[in-house]
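**Student:** below: sequence and its predicted model.
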Amino acid sequence: MKPITELDKPSILTTSTLFASINIVIADADHQMALLVKKLLMTLGCNRIFTVTESQEVLDLMKKEQVDMIITDWQMNDTGGLDLTRHLRQSLDSPNRMIPILMMTVRVDRQDIMVARDAGVTEYLVKPFSAKGLLERIHSMVAAPRGFVLCKAYTGPDRRRVSSLTLPPDPAENHRYYERKPPLIVSRDFLRQIILDDIPRMIMPDYTLKQKIGFEVPPELITNPLTVAQSEEEIKNAHENFMQSMASDVDKLERSYRLLIKSPDHAKKLVLAIQEAALSIKSRAGIFGYVRATEVAGQLHNFCRHHWDKENKYHLIILEKHIQTIAVIFARKIGDDGGEVGKELMKDLARLIHKYINRKG
C-alpha cells in the first residue's frame with residue numbers, strides 16, 4: 001500500500017503547506033472518487049495521503065503509520081465505514097478512539113444520518129459534495145474539536161458543538177447516557193484502559209491537529225476564494241474521466257433493465273444492479289454540474305429500495321422512464337438544473353410516477 005503521492009504528482013496549483021504535517025487516510029471502494037478527494041486535499045498542502053478500499057486496511061495502516069484523520073465512505077469492499085467507526089470508537093484494540101472521522105456517503109435520509117452519528121462519526125458529508133463543503137468539514141474537525149464521550153450506549157464526539165463539558169439532554173431520544181448530571185471528566189491516559197459501562201465520561205477536546213499545524217486555523221484560511229478556486233480546478237480536470245464512468249453507469253442501467261424484461265426470474269439481482277448504478281451516478285453527477293441527473297438517480301434508487309414490486313408490470317414503466325431521463329440528461333449535456341428543459345423533464349417524470357406508482361397490475 002503506497003501513499004497516493006507516490007502514484008500522482010500534486011497539481012501545479014498546490015502551493016499551500018498548511019496541512020503538510022497531517023496524515024490522512026481515504027477509505028473508499030471508488031478509486032476515482034478517492035483520487036478526486038485526494039486532489040482537493042492537496043490544495044490545503046496535504047502531501048501524505050493513503051487510499052484503501054477496505055476497513056481492515058485502515059486498521060492495519062494505523063498500526064504502522066501515525067494517522068491523524070480518516071475520510072471514509074459508508075460502503076467499502078468489506079464491512080464498510082460504519083462498522084469501522086464503531087470499532088475505532090468502542091474497541092479496546094482501537095489504535096485511536098478519538099481520531100476525527102469524516103463520513104462521505106450518498107445516504108441522505110435522516111435515519112441514516114442519525115445511525116452514523118450514533119456510531120461516532122465526527123462529520124457527515126453527502127455526495128455529491130462541493131469543494132467548499134469538503135474543505136469546511138476538514139476545517140471543523142481541525143479547528144473546533146469537540147469533547148469525547150465514553151459510555152456503553154455511545155462513544156464518540158460530544159454531539160453538542162457549543163459546549164464540550166456537558167452531555168446534551170435530549171428527551172426525544174431514549175438513550176441512557178443522556179443524563180441531566182454532568183459526566184465525569186477524565187484524562188486521555190484513561191482512554192486506553194476504560195471498559196465501557198453505563199457511566200458517561202468526558203475527555204476534553206483533542207487539539208493534536210491544531211498543534212501539528214502550529215497556530216489557529218480561521219475558516220478563511222481554508223475556504224478562501226483561492227483555495228476553493230484551486231479545488232474547483234481539480235474537479236474540472238477530473239471531468240472527462242468521471243464522464244466516462246457515468247456513461248458506463250448509464251449503460252449498466254440500460255443493460256440491466258433490458259435483462260430484467262427478458263429474465264424476470266433474476267429480478268432481485270438485476271434491480272440491485274440498477275440501484276448500484278443509480279447510486280454511482282448520484283454520488284458523482286452533481287459534483288460536475290449535472291444536478292438533474294443526481295436528482296433522478298436518487299429517485300431511481302429510492303424507488304428500487306422502497307417501492308419496487310416485481311409482480312407489478314407498471315413498475316417496469318417507472319424504471320424505464322427514470323433510466324431514459326438520465327440518459328437524455330447526459331446525451332444532451334443538460335447541466336445544472338437544466339433550465340426550462342430540465343423542468344419539463346422533471347415534470348414529465350413526476351406525471352408518470354403519479355400515474356403508475358399506486359396502480360396494480
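**Tutor:** That came through fine.
**Student:** can you pull out the helices in the protein?
**Tutor:** 31-42, 55-64, 81-90, 110-119, 131-143, 208-213, 219-222, 225-237, 239-262, 267-285, 291-306, 313-331, 339-356 (DSSP state H).
**Student:** mind listing what Ala297 touches?
**Tutor:** 278-279, 281-282, 285, 326 (Cβ atoms under 8 Å, 6 or more residues apart in numbering). For glycine as for every other residue, the C-beta is placed from the backbone atoms N, C-alpha and C.
**Student:** from those, which is closest to Asp28?
**Tutor:** Leu279 (13.1 Å; Cβ to Cβ).
**Student:** thinking again about what came up before, comparing the helices of the chain by mean pLDDT, which bottoms out?
**Tutor:** Mean pLDDT across the helices of the chain is lowest at helix 219-222; the value there is a mean of 67.
**Student:** what is the neighbour count of the nearest residue to Leu196 once chain neighbours are set aside?
**Tutor:** Excluding the flanking residues, the one nearest Leu196 by Cβ to Cβ, 6 or more residues apart in numbering is Lys152, at 4.4 Å. Applying other Cβ atoms under 10 Å, we find 14 residues neighbouring Lys152.
**Student:** quick check: pLDDT value at Lys152.
**Tutor:** 81.
**Student:** re earlier: most widely separated two among the contacts of Ala297?
**Tutor:** Leu279 and Ile326, at 12.4 Å, using Cβ to Cβ across those.
**Student:** more crowded one of these two?
**Tutor:** Ile326 (31 against 22).
**Student:** let me know the pLDDT of the residue located most distally from the centre of the chain.
**Tutor:** Most distant from the centre of the chain: Gly361, at 37.8 Å, with distances by Cα atoms, centre = their mean. pLDDT recorded at Gly361 is 70.
**Student:** residue contacts, it?
**Tutor:** Neighbours of Gly361 in contact, by Cβ under 8 Å, 6+ apart: 312-314.
**Student:** PyMOL command for the buried members of the residues you listed?
**Tutor:** Restricted to buried positions by 16 or more other Cβ atoms under 10 Å, the PyMOL selection for these reads:
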select buried, resi 312+314
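**Student:** can you redo the contacts of Gly361 as a markdown table with distance to His31?
**Tutor:** Formatted as a markdown table, those follow (distance: Cβ to Cβ, whole Å):
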| residue | distance to His31 |
| --- | --- |
| Asn312 | 37 |
| Lys313 | 39 |
| Tyr314 | 38 |
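**Student:** let me see the domain layout of this structure.
**Tutor:** 4-144+208-234, 146-205, 238-356 (automatic domain parsing).
**Student:** His322 contacts Asn302, doesn't it?
**Tutor:** No - contact between His322 and Asn302 fails when scored by Cβ atoms under 8 Å: they sit 10.2 Å apart.
**Student:** out of these two, which sits in the busier spot?
**Tutor:** Between His322 and Asn302, His322 has the larger neighbour count (other Cβ under 10 Å), namely 24 against 16.
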